[in-house]
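could you look at this predicted model? Sequence included:
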Amino acid sequence: MNKIYFIRLSKTKFGGAENYLRRLSKIANNSGYSCKIINSSLPKFFPGWFKVVLFNLYLFLTKGNKTYFSLDRIVCPDIYRAGDGVHKAFIEIEKKSKLNPLHPIYLYIEKKCFKNAKLIFANSEMIKNQIIKYYNIPPKKIKVLHNGIEFPIFNFYTSQKKILTELSSIENCKIILFVGSGYKRKGLEEFLKIVSKITYKNMKAIVIGKDKSIEKYKKIAADLRIIDKVIFLGPRVDVNDFYTISDIFILPTKYEPFSNSVLEAMYFRNAVFTSIYNGASEILPKESVVSFSEIEDVAHRVENILIDDSKLESLKEMNHRLSKNFSIEKNLHKVVESLQLLEKNKF
């Protein structure tokens, strides 16, 4: 396994997976491996399902004795990082249309992917358990490795001043933050319902993320009579600046293998609440993991923190310390260590 081919269908200049692969290949190179990244060169106008099929066919026909480390579902991986979770579980939760050809294609490829991989990295115990449940994969073949993030060097004062200059209405307010694209799955409606139940007056909620149905959620906020409390900002490139001014981060997601936004919010000293359907919940204290079907209970917990400054500050500092255990460097080195063990047939 002296040469590794890293597989990623799409290539975007600023994609998180692409950045992860670049850094992983650098560390692997320093550990004695020769690395090459393979992306698809298919035209963008091809339908998604068609690109998946053609890319898999190309990889299968050209594999030979190559060692494939894939970040995408493919039929012939040697190592697979299941960062996107288990599609079979996802479509059950989301109740996706069976008329979309992408879903049966994904399910076929996913089955082959888990079966043929010699080593699978799951980014949470939740995902490991789903792989075993849906595909009967031997547990010994799956290694849980929680995500890691890059710890940026940040000037909190500068970032906070920048945001407060843009949003003067939030000055001296406690801030509750939601970050996520794809509002339905990320649970924005539940987030808005929680905000509507909070009676603490000196509070604003900020929503960041991309969704074509943003107007629908603005109407929900209006119907809940909280449109004056919620600021919808859409997608932003300066999300980290908003973490610096927020106090509580809430992500009521319905399915998330492991949300990096939870780690980022923790690093920037936020109290955090998320659901049991988020793999990142495994690194949080149990009081931060809630059922978002119990809106009143969650709102009550959030309000108790908003009115207790000492408890809020304690949670912020505890989360910041905890997040430091999950650096991207630590994650990447553990991946390379696992590759070395696999090469020696010890895994």
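Yep, that arrived.

contacts only, for the residue positioned nearest the centre of the chain.
For the chain, Ser259 is the residue whose C-alpha lies nearest the centre (Cα atoms, centre = their mean; 2.9 Å). By Cβ atoms under 8 Å, 6 or more residues apart in numbering, the contact list for Ser259 reads 180, 251, 253, 274, 278-280. Glycine gets a C-beta too; all of them are placed from N, C-alpha and C.

got those as JSON lines, with neighbour count and distance to Lys51 columns?
Shown next, in JSON lines, are the contacts of Ser259 (neighbours: other Cβ atoms under 10 Å; distance: Cβ to Cβ, whole Å):
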{"residue": "Gly180", "neighbour count": "21", "distance to Lys51": "25"}
{"residue": "Leu251", "neighbour count": "26", "distance to Lys51": "30"}
{"residue": "Thr253", "neighbour count": "25", "distance to Lys51": "27"}
{"residue": "Thr274", "neighbour count": "25", "distance to Lys51": "32"}
{"residue": "Asn278", "neighbour count": "25", "distance to Lys51": "29"}
{"residue": "Gly279", "neighbour count": "27", "distance to Lys51": "27"}
{"residue": "Ala280", "neighbour count": "29", "distance to Lys51": "30"}
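
between those, which is nearest Lys186?
Checking these against Lys186 with Cβ to Cβ, the nearest one is Gly180 at 3.4 Å.

which segments of this structure make up each domain?
Domains of the chain are assigned by automatic domain parsing as 3-148+328-343, 156-323.

what mean pLDDT does the longest one get?
It refers to domain 156-323. Average pLDDT, domain 156-323: 95.

the stretch 51-200 of the chain: helices as residue ranges?
Assigned by DSSP state H, counting those that start in this stretch, the stretch 51-200 of the chain shows helices spanning 87-94, 102-116, 125-135, 156-166, 183-186, 188-197.

next, the angle helix 125-135 makes with the second one.
Spelled out, that is helix 102-116. Counting by axes from the mean of the first three to the mean of the last three Cα atoms, to 10 degrees, helix 102-116 lies at 100 degrees to helix 125-135.

who's in contact with helix 102-116?
Residues contacting helix 102-116 (Cβ under 8 Å, 6+ apart): 48-49, 52-53, 56, 70, 73-77, 80, 86-88, 91, 96-98, 120, 131, 135, 137.

may I have it as PDB, with CA atoms only?
The C-alpha trace of helix 102-116 is given here as PDB (Å, rounded to 0.1, in the frame of the first residue of the first chain):
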ATOM      1  CA  LEU A 102     -30.300   8.800  -7.500                       C
ATOM      2  CA  HIS A 103     -31.600   7.000  -4.400                       C
ATOM      3  CA  PRO A 104     -31.800   3.400  -5.700                       C
ATOM      4  CA  ILE A 105     -28.400   4.000  -7.400                       C
ATOM      5  CA  TYR A 106     -26.900   5.200  -4.100                       C
ATOM      6  CA  LEU A 107     -28.400   2.300  -2.200                       C
ATOM      7  CA  TYR A 108     -26.800  -0.200  -4.700                       C
ATOM      8  CA  ILE A 109     -23.400   1.500  -4.600                       C
ATOM      9  CA  GLU A 110     -23.600   1.900  -0.800                       C
ATOM     10  CA  LYS A 111     -24.200  -1.800  -0.300                       C
ATOM     11  CA  LYS A 112     -21.200  -2.700  -2.500                       C
ATOM     12  CA  CYS A 113     -19.100   0.000  -0.800                       C
ATOM     13  CA  PHE A 114     -19.600  -1.300   2.700                       C
ATOM     14  CA  LYS A 115     -19.200  -4.900   1.700                       C
ATOM     15  CA  ASN A 116     -16.000  -4.400  -0.400                       C
END
